[in-house]
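Novice: Provided below for reference: sequence and predicted model.
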Amino acid sequence: MGRSKDDLLNRESWKIFQIMAEFVEGFERLSEIRPSVSIFGSARTPPDHPWYGKAEAIARRLSDAGFSVVSGGGPGIMEAANKGAHAGKSLSIGLNIELPHEQDPNPHQDISLTFRHFFTRKVMFVKYATAYVVLPGGFGTLDELAEILTLIQTGKSRRIPIILVESAFWNGLLDWFRASLEANGTISPGDLDLIQVIDEPKQVVDAIFDFYRSRSFEPSEEEKERMLRL
């Protein structure tokens, strides 16, 4: 026999407490990691690929510069980010996700959290981030990129650096943004100014420090209030 409507409603209601628990654990364990940089990219990138090496180099430089590094905790670019950060001076953090085809956490994490829900995990990527660094990836990477662009564009999040790495990979998408989105008025002309495209690891770190030259890594009181309503 199938479950009754009441049984299904009860399961959905109890799910709220599971979601609350994910938020509480994430807030408690990540609230002290500032400044931090969230790094994204494909889970399918093998260790011998140049993108993997570049992600590791960027993360190592960020870690040695005092930034905790946050990744999705899995293989590929995520593993490279955690590996580079773990070899450096600052914390390496993995926000792992339970998937139907199980994703094993990579072994380079000082703080490891596991989420059942993508939306709670996405809040953790944004809430404590000083910058976003996005390497080549698939739908999940594009989802995270669109998320932070939307939050900043709409004023739900403070403005932070959004850096795309590997110009050859991203240029086609950016051209389409200009030719289709901007040209047809679905985004404002200044919205693409939120994005920087940088290829060299040292320049990625320099760009983040340049952005914060005249402002604090810590959000202002007004920004903290805004971030409560993500």
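Specialist: The structure has been received and is ready for your questions.
Novice: I'd like the next helix or strand past the helix ranked longest in the chain.
Specialist: When the chain is parsed with DSSP state H, its longest helix is helix 5-30. Per DSSP states H and E, the first helix or strand lying C-terminal to helix 5-30 is strand 36-40.
Novice: quick one: that following strand to helix 5-30, angle?
Specialist: Using axes from the mean of the first three to the mean of the last three C-alpha atoms, to 10 degrees, the inter-axis angle of strand 36-40 relative to helix 5-30 is 130 degrees.
Novice: Check the secondary structure at residue 219 for me.
Specialist: Each residue gets one of three states, and residue 219 gets coil by DSSP: H, G, I helix; E, B strand; the rest coil.
Novice: any low-confidence regions in the chain?
Specialist: Counting by pLDDT under 70, the ranges of the chain that qualify are 1-3, 9, 102.
Novice: Would you state the strands of it in chain order?
Specialist: 36-40, 68-71, 92-97, 111-115, 129-134, 162-165, 195-198 (DSSP state E).
Novice: Show me which of these has the highest average neighbour count.
Specialist: Of all the strands of the chain, strand 68-71 has the most neighbours on average by mean count of other C-beta atoms under 10 Å, namely a mean of 30. Where C-beta positions appear, they are placed from N, C-alpha and C, glycine not excepted.
Novice: which helices and strands does it pack with?
Specialist: Judged by 3 or more C-beta pairs under 8 Å, 6 or more residues apart in numbering; DSSP states H and E, strand 68-71 is in contact with strand 36-40, helix 50-64, helix 77-87, strand 92-97.
Novice: Which one of the ones you listed lies nearest to residue 14?
Specialist: Using C-beta to C-beta as the measure, strand 92-97 is the one of the helices and strands packed on strand 68-71 that comes nearest residue 14, at 20.6 Å.
Novice: which residues make contact with that closest one from outside it?
Specialist: For strand 92-97, contacts defined as C-beta atoms under 8 Å, 6 or more residues apart in numbering pick out 26, 30, 33, 36, 59, 63, 68-74, 78, 81-83, 85-86, 103, 105-106, 108-116, 118, 121, 124-125.
Novice: How far does stretch 115-132 sit from its chain's centre?
Specialist: Mean C-alpha position of stretch 115-132 versus that of the full chain (C-alpha atoms, centre = their mean, to the nearest Å) differs by 6 Å.
Novice: So what would you say the end-to-end distance of stretch 95-113 is?
Specialist: Stretch 95-113 has its terminal residues 5 Å apart, counting by C-alpha to C-alpha, to the nearest Å.
Novice: One more: stretch 135-144?
Specialist: One end of stretch 135-144 sits 11 Å from the other (C-alpha to C-alpha).
Novice: Pull out the buried positions in that stretch.
Specialist: Within stretch 135-144, the residues that qualify as buried by neighbour count (16 or more other C-beta atoms under 10 Å) are 135-137, 140-141, 144.
Novice: what's the closest of those residues to residue 196?
Specialist: Out of the buried residues of stretch 135-144, the member with the shortest distance to residue 196 (by C-beta to C-beta) is residue 135, at 13.5 Å.
Novice: Export the strands of the chain as CSV, with columns for distance to residue 21.
Specialist: Below are the strands of the chain laid out as CSV (distance: least, C-beta to C-beta, whole Å):
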stretch, distance to residue 21
strand 36-40, 22
strand 68-71, 20
strand 92-97, 15
strand 111-115, 10
strand 129-134, 22
strand 162-165, 30
strand 195-198, 35
